[in-house]
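In: could you look at this predicted model? Sequence included:
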Amino acid sequence: MKRISSALLLAVTTIMIAFGGSAHAQQASQDTVWIQIAARPSLSEAQAEAQEFASRLPDVAGFTLGAGWYGIVLGPYTRQDAERVLQVYRTEGQIPRDSFIAFQENLRNQFYPVGARDQATATAPVAPEVSAAPAVTTPEPQLTLPDETPAQARRSEQALSRDEKKELQIALRAAGFYDSAIDGSFGRGTRGAMSDWQLSKGFDPTGVLTTAQRKLLMDDYNAPLISVGMAEVLDSRAGISMQIPAAEVTFARYESPFAHYDSSGDLGARVLLISQRGDKNTLFGLYDIMQTLEIVPLTGPRERSSDSFTIEGRNGQIVSYTEASLNGGQIKGFTLIWPAGDEARRTRVLAAMRESFARIDGVLEDTAGSDLSQSVDLLADLEVRKPRLSRSGFFVSQNGAVITTSDVVAGCSRITLDHGYQATVTANAPESGFAILQPVERLAPMAVAGLSTQSPRLKSEVAASGFSYEGVLGAPSLTFGVLEDVKSLDGNTGVIRLDLSAQAGDAGGPVLDASGAVLGMLLPQEIKGRQLPEGVSFGVNAAALREALIAANIPMFVPAGSGAALPNEALVRQASGMTVLVSCWD
């Protein structure tokens, strides 16, 4: 991160002056907030990062957050000042983009700056030209809570239910003090963990938690849920009741099969409630559709059974989790979209959502949201994932091997055939312009290309089969033309020249003669940085393709045809059966 500029310091100081003084000169009140800029799972790491931020930014402090996490914050500020400072620092790149406003009640023991307890009562610096205001004291660690005697603590502990005792064990484990069974039985391991936790908080290590100490432990454990305002939502129209992060999302609209709860906070989280009538086929269709959406990244585990599914997707920006199940002719579930890098809090929020999810009477109407504007790139107002590049290809073996252009396989994180089948690159010849792909799972093509072994006749009619508009039309089409030459303009005999007007998506498709034999593969219109004139196309000839297939040890299909011209309908059927959409995904 770059060093803070004098201009930025002036801007922040001006903000503080305009709203009544510096950050440390604000009155302590209920609207006192902080800006959380980082959270780390180890104290040493958090202290080092806090020190690094403090070398460049004012008002840096560090507090424990609970659940074994340590937060680095700026402040304290009023809410209005915090929003302005957050905007300035984000714009200047001084703090991470996912920094957010945190509330004082969610911060626990202060660990940075060292000696902060002594400094808390000192008078804070006053901004220039502003009358001094009472100094804000740093939130004091809660080490002197109303307490009970050990005997009173044991009596209040005896009143706990077994589930409440398990919750305490879970909280101790999350804080890093307990690693035994969650059984609701307070034996030697649990007592030792309680003693260690008490020592870490400055309490007497009695091994029996008082009522106030139990509350503090559970508040620390629930801090991630408190910070996002977990609250129950009862959506009678969708027929779902569950806990959601209500401080970060709010209801926006219905668009079947989803109830949209869009981001309303700084995190950028989103929630979808899933509700629709249907059967097993509907459920399976939803499973496939969800994976075409931008909100469901490609990487992550997926699991489907006869009556339910779960999908998790991750990339550098978001983590998405979806679950849905079929019961009584109704499909219900939810999706949580959360920013990447906040895994501890996301895990707690997701667990609370899953545990609280309940079906109630009602299901979302199929027509919900039908009056809203529609787009070919949107599904229920959710953006459909699109490939970076799509071209045509064609099957050259019975096991599904495909020939396509080199450009469509360059730099892809994932290559698919017809969007649904993943493929890998078996061979690539960028100097010749073609590549050979093999599907990950065995396919059974409707038709397979038979590479011509005859020398084609000049001026004979040919047809190129391809997805002219990169799959938008959903099926390949034929473009007719004439074979102009069996070599390129520079004399390359591995190339054929065509009088044929092709579209960008046609590249990679087969060029067929009237009998259905494949004369070659259509090359892109732009060759070595030069755009070809209208009506001029080139293709790699069948001999070059055959040689590459032999080198790759791919068995070729040998047609049994007579070489006679096919009726137009039969030619279209054969060409369409062998042509496949090849897509490159980031």
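Out: Received the coordinates, thanks. Numbering: from 1, shown residues only.

In: pretty sure Pro113 is touching Ala54, no?
Out: Yes: in terms of CB atoms under 8 Å, Pro113 counts as a neighbour of Ala54; the distance is 7.4 Å. The way it works is simple: take the backbone N, C-alpha and C, and place the C-beta from them, glycine included.

In: common neighbours of these two, please.
Out: Common neighbours of Pro113 and Ala54 (criterion: CB atoms under 8 Å, 6 or more residues apart in numbering): Val60.

In: how far away is Ser44 from Trp34?
Out: 22 Å (CB to CB, to the nearest Å).

In: okay, those two: which has more neighbours?
Out: Looking at Ser44 and Trp34 with other CB atoms under 10 Å, you find the greater number of neighbours at Trp34, namely 25 against 9.

In: in what helix or strand does the residue lying closest to that one once chain neighbours are set aside lie?
Out: Leaving out its chain neighbours, the residue that sits closest to Trp34 by CB to CB, 6 or more residues apart in numbering is Gly75, at 3.7 Å. Element membership for Gly75 (DSSP states H and E) is strand 69-78.

In: helices or strands next to that strand in the packing?
Out: Helices and strands touching strand 69-78, by 3 or more CB pairs under 8 Å, 6 or more residues apart in numbering; DSSP states H and E, are strand 32-40, helix 43-54, strand 60-66, helix 79-92.

In: which non-adjacent residue is nearest Leu451?
Out: Closest to Leu451 by CB to CB, 6+ apart is Ala542, at 4.3 Å.

In: now do Asp196
Out: Phe177 (4.9 Å).

In: pLDDT value on the one you found, please?
Out: According to the prediction, Phe177 has pLDDT 93.

In: neighbours around it, how many?
Out: Neighbour count for Phe177, taken as other CB under 10 Å: 22.

In: just checking, it touches Lys201?
Out: No: at 10.8 Å, Phe177 does not count as touching Lys201 under the criterion of CB under 8 Å.

In: okay if I get the helices and strands packed on strand 69-78 as CSV plus mean pLDDT?
Out: Compiled in CSV, these are given as follows (pLDDT from 0 to 100):
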stretch, mean pLDDT
strand 32-40, 89
helix 43-54, 87
strand 60-66, 86
helix 79-92, 86
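
In: just put these in TSV and tack on distance to Ser256.
Out: As requested, those are exported to TSV (distance: least, CB to CB, whole Å):
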stretch	distance to Ser256
strand 32-40	37
helix 43-54	46
strand 60-66	39
helix 79-92	36
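
In: tell me which of these is the most buried.
Out: Ranked by mean neighbour count, the helices and strands packed on strand 69-78 are led by strand 60-66 with a mean of 24 (mean count of other CB atoms under 10 Å).

In: now do the residue nearest to Leu451 against Arg314, distance only.
Out: When distance is defined by CB to CB, Ala542 is 44 Å away from Arg314.

In: now do the helices in this protein.
Out: In the chain, the segments counted as helices under DSSP state H are 6-18, 43-54, 79-92, 116-119, 150-158, 162-174, 188-201, 211-221, 223-227, 280-290, 343-356, 542-551, 568-578.

In: possible to save those helices as JSON lines with distance to Ala507?
Out: Shown next, in JSON lines, are the helices of the chain (distance: least, CB to CB, whole Å):
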{"stretch": "helix 6-18", "distance to Ala507": "50"}
{"stretch": "helix 43-54", "distance to Ala507": "50"}
{"stretch": "helix 79-92", "distance to Ala507": "43"}
{"stretch": "helix 116-119", "distance to Ala507": "65"}
{"stretch": "helix 150-158", "distance to Ala507": "74"}
{"stretch": "helix 162-174", "distance to Ala507": "55"}
{"stretch": "helix 188-201", "distance to Ala507": "65"}
{"stretch": "helix 211-221", "distance to Ala507": "58"}
{"stretch": "helix 223-227", "distance to Ala507": "51"}
{"stretch": "helix 280-290", "distance to Ala507": "28"}
{"stretch": "helix 343-356", "distance to Ala507": "42"}
{"stretch": "helix 542-551", "distance to Ala507": "15"}
{"stretch": "helix 568-578", "distance to Ala507": "15"}
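
In: to Ile436, which of the ones you listed lies closest?
Out: Using CB to CB as the measure, helix 542-551 is the one of the helices of the chain that comes nearest Ile436, at 6.5 Å.

In: quick one: the residue nearest to Asp196 from Ser200, how far?
Out: Counting by CB to CB, the gap from Phe177 to Ser200 is 8 Å.

In: how about Gly520?
Out: Look at Gly520 and Ser200: by CB to CB, they are 74 Å apart.

In: show me the shaky parts of this protein.
Out: Applying pLDDT under 70 to the chain picks out residues 1-31, 67, 114-147, 369-381, 471-474, 489, 527-532, 559-562.

In: what about Gly520 and Ser200, which has more around it?
Out: Set Gly520 next to Ser200 and count neighbours by other CB under 10 Å: Gly520 wins out with 29 against 14.

In: any idea how far Met446 is from the residue nearest to the more buried one when sequence neighbours are not counted?
Out: Among residues not flanking Gly520 along the chain, Gly539 sits closest, at 3.9 Å (CB to CB, 6+ apart). Applying CB to CB, the value for Gly539 to Met446 is 22 Å.

In: repeat that for Lys487.
Out: Between Lys487 and Met446 the distance is 33 Å, computed by CB to CB.

In: Tyr70 contacts Gln110, correct?
Out: No: between Tyr70 and Gln110 there is no contact under CB under 8 Å: 10.5 Å.

In: so between those two, which is more surrounded?
Out: Under the neighbour definition other CB under 10 Å, Tyr70 and Gln110 were set side by side, and Tyr70 has more, 25 against 20.

In: contacting residues around the more buried one?
Out: Tyr70 touches 39-43, 45-47, 62-64, 111, counting by CB under 8 Å, 6+ apart.

In: chain neighbours aside, what residue packs nearest to it?
Out: Spatial nearest neighbour of Tyr70, excluding adjacent residues (CB to CB, 6+ apart): Ala46 at 3.6 Å.

In: could you do Asp418 as well?
Out: The shortest distance from Asp418 to any non-neighbouring residue, by CB to CB, 6+ apart, is to Leu581 (5.1 Å).

In: then Gln104?
Out: Nearest-residue entry for Gln104: Thr32, 5.2 Å, with adjacent residues in sequence omitted and distances by CB to CB, 6+ apart.

In: measure Pro297 to Thr322 for me?
Out: Separation of Pro297 from Thr322 (CB to CB): 11 Å.

In: ok, those two, which is more surrounded?
Out: Using other CB under 10 Å as the criterion, Pro297 and Thr322 rank with Thr322 on top: 24 against 21.

In: so what sits opposite that one in the bridge?
Out: Ile311, Thr335 (DSSP bridges).
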